[in-house]
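Chemist: Here you go, sequence then predicted model.
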There are 2 protein chains.
Amino acid sequence: MLPKKTKYAIKALTALAKVYYDKKPLRISQISETEKIPRKFLEAILLELRHQGFVASKMGVTGGYYLSKHPEEIMLSHIIRATGGPIALLPCVSLNFYETCEECPHEELCSLREVVLEVREASLKILSKTSLTDLILREKKLIRNAKK
Amino acid sequence: MLPKKTKYAIKALTALAKVYYDKKPLRISQISETEKIPRKFLEAILLELRHQGFVASKMGVTGGYYLSKHPEEIMLSHIIRATGGPIALLPCVSLNFYETCEECPHEELCSLREVVLEVREASLKILSKTSLTDLILREKKLIRNAKK
DNA sequence: TAAATATACTACTAATTTAGTGGGAATTGA
DNA sequence: TCAATTCCCACTAAATTAGTAGTATATTTA
């Protein structure tokens, strides 16, 4: 399971992507209200996303956050990795949280590892091709279909 | 990530599957040694797997555990579910750990949910078609290829 | 230039989950 | 009877998660 932090990060970045062309920063409090993310927690998440280069910010009374990359370039897999949500089912097949299984004598001969590796590849295939732009387009499509 | 409990359960059940036709139970201590799983933890795991119907046991001096189903019938997805390892990335798409996202006004209109649903389907496709027998056959194949 | 309103940043905390351990009761075979 | 095994309940230490509190710093506007 992904931590809430990751889910909040995706939602916040999607909110920023929606106003990408407005050239005006969005305030933490605005995002917090529309996305229903606890204010202070969101503050900490956005700060981290800034350190990681996803967003930039402006201080002061007209301040707020804005994306520092094009929304088409920000993939779900990037956000998940940056906010500590592991994609792999086991550490022995994780790219970013790799750990050896102490109980495994030869990792390359472990059939369970082979299977969870396949699962990781299948998941990554989807998550690394879905961008913030894709999420927004998908949402529009969902709303359009619901109205029919 | 899957909990260690789940990984241990898969390894223990695979060990039992390997001696399925021996008609003799395997002792906890034997499994614990060959699979390098902490003795007492394994005891608790096997007990739970018995309550869930995966294995049966015999008490006393010639006692031990054995599979109560055919190894071809026990799928990785079953073991993961039984030992509490969620497969889905978010609770809102989990079959066994379902929870609504409080911040989502209309779950059916959430594009993130749609994507993680796809990821779940892709993972489940692999995990629900891989049995203990498959794991053993795969391991043999890995060993055979390594020797070449 | 002072007040108001943003973000920046450090430090702390409460609750939950994970990964076990300890110890004794019940069962079985020799 | 005794030795070896599973059964089962209760407990715990460490890590992780999901935040919160409070203060410092920056920016605009009156």
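Modeler: Here it is on my side, so go on.

Chemist: right, and A:Arg50 touches A:Tyr65 too?
Modeler: Yes - counting by CB atoms under 8 Å, A:Arg50 touches A:Tyr65, with 7.4 Å between them. Backbone N, C-alpha and C define where each C-beta goes, glycine included.

Chemist: Look at the two and report which has more neighbours.
Modeler: Neighbours were counted for A:Arg50 and for A:Tyr65 using other CB atoms under 10 Å in any protein chain shown; A:Tyr65 has more, 26 against 14.

Chemist: before we move on, which element is that one in?
Modeler: Per DSSP states H and E, A:Tyr65 falls inside strand A:64-67.

Chemist: picking up where we left off before, what sits in contact with each of A:Arg50 and A:Tyr65?
Modeler: Shared contacts of A:Arg50 and A:Tyr65, defined by CB atoms under 8 Å, 6 or more residues apart in numbering or on different chains, comprise A:56-57.

Chemist: residue in chain A nearest to DNA strand D?
Modeler: At 2.2 Å from DNA strand D, A:Gly60 is the closest residue in chain A, using CB to the nearest atom of the strand.

Chemist: Within the helices and strands, which one has that residue?
Modeler: Secondary structure from DSSP H and E places A:Gly60 outside every helix and strand.

Chemist: And the pLDDT for it?
Modeler: Note for A:Gly60: predicted pLDDT of 96.

Chemist: again with A:Cys104
Modeler: In this model, A:Cys104 is scored at 86, pLDDT.

Chemist: My guess is it contacts A:Cys110. True?
Modeler: Yes - taking contacts as CB under 8 Å, A:Cys104 lies within contact range of A:Cys110: 5.3 Å.

Chemist: Quickly list what's touching both of the two.
Modeler: Common neighbours of A:Cys104 and A:Cys110 (CB under 8 Å, 6+ apart) are A:Cys92.

Chemist: the domain parsing of chain A - what is it?
Modeler: Here the domain assignment for chain A is A:4-67, A:87-130, based on automatic domain parsing.

Chemist: Can you give the contact residues for the helix or strand harbouring A:Ile136?
Modeler: Assigned by DSSP H and E, A:Ile136 falls within helix A:132-147. Helix A:132-147 has contacts (CB under 8 Å, 6+ apart) with A:10, A:13-14, A:17-18, A:67, A:71-72, A:74, A:76, B:108-112, B:114-115.

Chemist: Residue numbers of chain A in contact with DNA strand D?
Modeler: A:3-5, A:38-41, A:43-44, A:58-63, A:84 (CB under 7 Å from any atom of the strand).

Chemist: 6 Å instead?
Modeler: Residues of chain A found near DNA strand D (CB under 6 Å from any atom of the strand) are A:3-5, A:38, A:40-41, A:44, A:59-62, A:84.

Chemist: got the residue ranges for the strands in chain A?
Modeler: A:55-58, A:64-67 (DSSP state E).

Chemist: and the first one, anywhere near DNA strand C?
Modeler: Read it as strand A:55-58. Yes - Strand A:55-58 is in contact with DNA strand C by CB under 6 Å from any atom of the strand, via A:Ser57.

Chemist: So for that strand, what gets flagged as buried?
Modeler: Under the neighbour-count criterion of 16 or more other CB atoms under 10 Å in any protein chain shown, strand A:55-58 has A:Val55 buried.

Chemist: ok, that strand: who's next to it in the sheet?
Modeler: If you go by DSSP bridges, strand A:55-58 pairs up with strand A:64-67 (antiparallel).

Chemist: mean confidence for the partner strand?
Modeler: Mean pLDDT, taken over the full extent of strand A:64-67, equals 98.

Chemist: C-alpha coordinates for it, CSV please?
Modeler: Extracted C-alpha coordinates of strand A:64-67, given in CSV (Å, rounded to 0.1, in the frame of the first residue of the first chain):
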residue,chain,number,x,y,z
GLY,A,64,2.2,29.8,-3.2
TYR,A,65,3.3,26.8,-5.2
TYR,A,66,3.6,25.9,-8.9
LEU,A,67,4.9,23.1,-10.9
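
Chemist: buried residues in that strand?
Modeler: Within strand A:64-67, the residues that count as buried by 16+ other CB under 10 Å are A:64-67.
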